[in-house]
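Q: Build me a model from this:
(2 chains)
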Amino acid sequence: MLGRALEAVVAAVFRAINRWRVWYRLPVPIAVINLLAVRYDLRWRNLFDTETAPRDLQPPVDFDIRRFRTADGSFNDLSKPWMGMAQTRFGRNAPLAQTFGEQPPDLYEPNPRLISRKLLARTKFEAAESVNLFLAGWLQFMVHDWLSHGINDKQSPPMCFKVPEGDDWPKPEMTILRTCPNTDLNPRDEGRAATFRNFVTHWWDGSQMYGSDLPMQCRVRSNPAAEKLPDGKLYLDETGHLPLDPDAADKDPLQEFAAINGNWWIGLSAMHTLFAREHNAIVDELKIAYPDKDGEWLFQKARLINAALIVKIHATEWTPALLQCPTLQYAMRGSWWGALGEAYFKAFGRPAHNELLSGIPGSPAEQHAAPYAITEEFTAVYRLHSLIPDDYSFRCHRDDIEILKCTMADLLAGGTTKVHRQVPFDDVLYSMGTMYPGVPQLHNFPIHLRKLPENIDQGIMTDLAATDIIRDRERGVPRYCAFRRILRMKVPKTFKELTDNPVWQEELEKIYGDVERVDLLTGTLAETRPPGFAISDTAFRIFIVMAGRRIKSDRFLTDDYTPEVYTPVGIDWVEQNGMREVLLRHAPSLRPTLENVRNSFFPWPRSAS
Amino acid sequence: MARHIRLPGIVDVALVSDSAEIRALNDERALDRNFVPRGPLINRLIVGRIRRWFTIMDQFLPALARRGDQQRAERQQELAARLDPTGRVAHWTDAQIAALSAYVLGSGDEEAAAITTQEIIGNQFNPGYRADRASWRAARMIDRFRDGFSPIQIVWQLTGQLRRARKLLVERAKDDRWCMHGTAIGVHGIVDALGRMRELRALATASSLGDDAVLARCLAPPKQVPRTVEGGLDTPYAEPRLRDGTLVMLQLAKAGPQAPDAEMIFMRGHWNACPARALVTGLLLTVWRRSFEATEAA
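A: Below you'll find the model as predicted:
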C-alpha cells in the first residue's frame, strides 16, 4: 500500500516534469525513474478489460496445472483460470468508450491505398545499420506467440473502397476482408464497442511453436506417421529442419509445418527451426539430470524452460538492440536482473522478491488495473513491416561468397524450403546476421508486401500497407493524436510539430489536411524518434506497459519462476543462456563470426573473402 | 476488493469501485437503501443529511428508496414504459431539440442548454413545468451538495441558500418525488453528456461515430450511490465482515471506464434500473443527428 502511494507520488511529479521536458532529454538515472513513473501511470490508467462474461472452467484431469503450462493457456492465473487463454478477447489500452470502430465514410478517409502509395511505399531501401535481420525475424516469431486475430471474416461484406486514379492496382476497387468478429456475446455487450478474440494464448509461452490447443501440441510432437515422439521432443526431419505441412500439400507442397505457420518467410523459419532444436537440446539435458522422468514430463518442462529463455532473450537482447539508448539498456536489462544488475545477480542470486531490485522474474505476479490480455493497441504499434527488406543475399559464413540472391517474393511460404535446400542452415543464419532490416519510417514499406499474391488466378492481391491502415480504423484503435492524448503525451497541433522532416510535413498535410486525422501507423512512422530508437516514442509507451506486463502477469515467470517448478537444471538453463549460446549450440561453425559480437541482434562481422 | 474504512465509533464505510464487484453487491439482498440513523458518528451524519435534504414529505427520492418499496417498483415500471420515446407521445419539441443541437454545434452557453434540458425532464412529469435560470441554479446547488462535502456547503446551509434551492425545486416539481429527482439530480447526467457531445462534435472524425459510440463517449454514470448493510454481510469483496448499518458507496464513476455500458450507467437489468434510460439515450441521439442535419442544411 505504502509502495503504491509512493509510486503514485513519483508518477505525479514526473507528469508535471514531462510537461516541459520529455523523458529522453533527462539525465540517464532520472530518465530511468521517469520511465518507471510512466509505467506506473500506464499500468493503472491504460489497461481495460473487455471480457463481460468470462468462462467458468474446470481444471484438466491428469495434468498438473501448478507445474506445467496448459496447452490453451488456461489456469495460469489460478483465481481467474480463463485469463490469457486462447479464444479470449483482446484487451485495450484506450478507454473502452473510445474503441468503437470507425464507420464509412471516415473508415475510408483518407483513402488507405493513397496512403500506401504516397506515404508508405518504399522508394529506396533505408537500412537500419545498427541491427541485423534477426531483429525482424524474431519480432514476427514473438508476435505469432502473442496474438492472432484468426482467419478474416468471409461471411460479412468486405470493406471496399475505390482505388485512386492513376493507380496501377489491377482492379478499380480494393476489397479487404473484415477481422473475424467475436460472436460469443452476452447482454452485457450491448452498447459496447466490438471486441475481437485472440486465437492463440495471450501468454509468452511459446504457443507459436507448441500450439494453443492439445491437438496442435500433439501434432508438433509427432512424426509424419502421426506417432507422438516418446522422449518429449519436437519433431524435426532427418536434416534437422521443420517437416513439411501435409495440410498445405495441395496449395504449396513445400510449406514448412509449425503450430503457427502463416505469413511464413525465411526469418520466421530460421527462428522456429532454431528454437525447436533448442527444445530438443533442453530435453536431452533434462533426460540426463532426471533419467526416471517420462516423455510427457520432459516435454512440458522443456517447454517451460524454452519459453522462459525466449522471454529473457527478448528482454535483455532484442529490446536493447531495438532501443539503443543508455536509459533503455539499463531499464530493459533491469526488468530481468533488477536494479542491482546481471553481475550482482550472477554472483549472489536474487536478493529479494522486489521487482525493482531483482527484476520481474521471481517477483509476485500482479495484474494491475485489468486481467492480463494482449491489447488491440499493442497489436497496432507492432505493425513494423518496414523492417523487412525486399532483396536478399545468402552467403557462405566461411568466405562470404554469395550462394543465392533473391527477393522477398522468393522467400515466402514454400519458397523458404527451396532456400533451405540450396543454402546450409548455418549460412542462412550467417546471412541474416549480416543483413540489415529496414528502418520503420515513412516510404520504407516493402515493395513485395504491397502486392502480395493472395489468389493470382482471380486477380486477388493484398496491399499490406493499405490493410495495416484500415485494420486500425476497423478495430477502433484511435488515430495518432487521439492515441497520444489517451497516453497523456504532448499532442502535435501541426504537421511541423509531428515530424522534423519538411518533405514529410508537406506530404502528410497534402493527404490528411488536418493533423488530427493522421492514422496511428502513419504518425508513428513519421514521428521524430528519440535518439537511438528504431521505433517512435508513441509506440514505445505501449511497449513500456505491455513488455513488463507479459512477464509480471504470468505466474510461471513470477511466483512460480522457481527451481521447484522449473527444476534447478531448468532455471540454470534460462539464466546461463542467451541468443548467442542458442546460435552456437545449433550452428557451432558460427563461433568465429560471433566471437566479438556483443549482442546477437547487432550486425555480425562479414567473413573475409 | 472494497476499501473498507472502519474506525469504531467514528466511521464504517466501504468504497467499491470495481465494476464486477459493484454488480455483484448491488444484487445482494443484504444491501439496501434503508437510511435510518445508526452506527458510528460519520454514518449517522451521512444518513442524517440524506434524510433531511433528499426527502419530500418524509418520502425518500426514488433513487434512495428501499428495494422492497412497492410504490417505487410500480412507478419505476410505469415510467420506463411512458418515457420510451419510441412510443406515440412526444417527449420534446422541435424548438427544444434545435436549441440543444445548436449548443452541441458550439453556439450558446451551457446554462441555456441546461435550462432547456431541465424543462424537457420536468415536462415528462408535469406538462406545465417551466425551467429557468433560478431552477437550474438551484438544481446545480443540490447536485454539488449531493456530490460530497466541502466548506462552502456550510455557508449554503447557514445562509439558507440550500433550503431555498430545495424549496424552489420541490415547488416546481409539485411535490412529485420522481419529478424532483429528474429535475434536480438526474438532469446533470444529461447536461454533462451534452457538454461531452459538444466536444465530440467538434472533432474532425465526428461523422465516423455510430450511435453506440456517441452514447458511450457522452454518457457517464453518477459519481457514487449509497447503500446500507442490513443484518451484516460476508462477501469476498470486503474485509472485515460488513456489519449492520455499514454504508457501502458504489463508486460508479470510478468503475465506469472499465465498463462503459448501460448496466453501469443506468443499472440496466437490476432492481434499481433507471426508468429514463430510453428517454435519455433517445434525446441524446436525436440531438446528435439533428446537429448533422443542421450542418448539411447550412
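Q: and B:Thr228, helix, strand or coil?
A: The local conformation at B:Thr228, judged by DSSP: H, G, I helix; E, B strand; the rest coil, is strand.
Q: what's the spacing between the closest residue to it other than its chain neighbours and B:Leu61?
A: Once flanking residues are discounted, B:Thr228 sits nearest to B:Asn34: 4.9 Å by CB to CB, 6 or more residues apart in numbering or on different chains. For every residue, glycine as well, the C-beta is placed using N, CA and C. Distance of B:Asn34 to B:Leu61, computed by CB to CB, to the nearest Å: 15 Å.
Q: Need the pLDDT of A:Gln458.
A: Looking at A:Gln458, its pLDDT stands at 58.
Q: Wait, a strand at B:Ile5?
A: Yes. Counting by three-state DSSP, B:Ile5 falls inside a strand.
Q: gap between it and chain A?
A: Distance, B:Ile5 to chain A, by CB to the nearest CB, to the nearest Å: 13 Å.
Q: Who does that residue form a beta bridge with?
A: Judged by DSSP bridges, the bridge partners of B:Ile5 are B:Val13.
Q: Which part of the stretch 51-200 of chain B gets nearest to chain A, residue-wise?
A: Closest to chain A within the stretch 51-200 of chain B is B:Arg196: 9.7 Å, counting by CB to the nearest CB.
Q: What sits closest to that residue if chain neighbours are left out?
A: Nearest non-adjacent residue to B:Arg196, counting by CB to CB, 6+ apart: B:Cys218, 4.6 Å away.
Q: so that neighbour touches B:Leu284, yeah?
A: Yes. Using CB atoms under 8 Å, B:Cys218 makes contact with B:Leu284 at a distance of 6.0 Å.
Q: ok, the two, which is more surrounded?
A: Using other CB atoms under 10 Å in any protein chain shown, the more surrounded residue of B:Cys218 and B:Leu284 is B:Cys218, with 28 against 22.
Q: for the more buried one, what are its contacts?
A: Going by CB atoms under 8 Å, 6 or more residues apart in numbering or on different chains, B:Cys218 touches B:193-194, B:196-197, B:200, B:284.
Q: could you redo the last one with a cut-off of 6 Å?
A: Counting by CB atoms under 6 Å, 6 or more residues apart in numbering or on different chains, B:Cys218 makes contact with B:193, B:196-197, B:284.
Q: can you redo the residues you listed as CSV with secondary structure and distance to A:Pro568?
A: Formatted as CSV, the contacts of B:Cys218 follow (DSSP: H, G, I helix; E, B strand; the rest coil; distance: CB to CB, whole Å):
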residue, secondary structure, distance to A:Pro568
B:Ala193, helix, 60
B:Arg196, helix, 58
B:Met197, helix, 62
B:Leu284, helix, 63
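Q: could I get those as JSON lines with distance to A:Gln155 and pLDDT?
A: JSON lines is the format used below for the contacts of B:Cys218 (distance: CB to CB, whole Å; pLDDT from 0 to 100):
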{"residue": "B:Ala193", "distance to A:Gln155": "35", "pLDDT": "97"}
{"residue": "B:Arg196", "distance to A:Gln155": "35", "pLDDT": "97"}
{"residue": "B:Met197", "distance to A:Gln155": "34", "pLDDT": "97"}
{"residue": "B:Leu284", "distance to A:Gln155": "32", "pLDDT": "97"}
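Q: ok, and the most crowded of those residues?
A: Greatest neighbour count in the contacts of B:Cys218, by other CB under 10 Å, goes to B:Met197: 26 neighbours.
Q: so it makes contact with B:Val104?
A: Yes. Counting by CB atoms under 6 Å, B:Val104 is a contact partner of B:Met197 at 5.0 Å.
Q: Spatially, what comes nearest to residue 22 if we skip its sequence neighbours?
A: Here I'm looking at chain A. Among residues not flanking A:Val22 along the chain, A:Asp537 sits closest, at 7.2 Å (CB to CB, 6+ apart).
Q: wait, chain B
A: Per CB to CB, 6+ apart, closest to B:Ile22 is B:Leu250, 4.9 Å.
Q: And that neighbour, how far from chain A?
A: For B:Leu250 relative to chain A (CB to the nearest CB), the value is 17 Å.
Q: Just list the residues touching the residue in the stretch 301-450 of chain A that chain B sits nearest to, thanks.
A: Residue nearest to chain B within the stretch 301-450 of chain A: A:Ala370 (7.1 Å; CB to the nearest CB). Under the criterion of CB under 6 Å, 6+ apart, the neighbours of A:Ala370 are A:47-49, A:91.
Q: before we move on, what about B:Asp261?
A: By CB under 6 Å, 6+ apart, B:Asp261 lies in contact with A:191-192.
Q: Chain A contacts on chain B?
A: Contact residues (CB under 6 Å from any CB of the partner chain) of chain B with chain A: B:204-205, B:207-208, B:210, B:212-213, B:216-217, B:257, B:260-262.
Q: Spatially, which two of those residues are the most separated?
A: With CB to CB as the measure, no two of the residues of chain B next to chain A lie farther apart than B:Ala204 and B:Ala262, at 28.2 Å.
Q: neighbour-wise, which of these two wins?
A: Applying other CB under 10 Å to B:Ala204 and B:Ala262 shows that B:Ala262 carries more neighbours, namely 21 against 16.
Q: how about the nearest residue to the more buried one, chain neighbours excluded?
A: For B:Ala262, ignoring the flanking residues on the chain, the nearest one in space by CB to CB, 6+ apart is B:Arg268 at 4.1 Å.
Q: quick one, phi/psi of that neighbour?
A: B:Arg268 adopts backbone torsions of phi -60, psi 140, taken as degrees, to the nearest 10.
Q: Next, work out how far apart it and B:Gly182 are.
A: Relative to B:Gly182, B:Arg268 is positioned 18 Å away (CB to CB).
Q: what's the answer for A:Pro112, then?
A: In terms of CB to CB, A:Pro112 sits 46 Å off from B:Gly182.
Q: give the contact list for A:Asn34.
A: A:14, A:23, A:26.
Q: so which of those residues comes closest to chain B?
A: A:Phe14 (22.1 Å).
Q: Locate the closest residue to the closest one other than its chain neighbours within the secondary structure: which element?
A: Leaving out its chain neighbours, the residue that sits closest to A:Phe14 by CB to CB, 6+ apart is A:Ala37, at 3.9 Å. Using DSSP states H and E, A:Ala37 sits within helix A:28-45.
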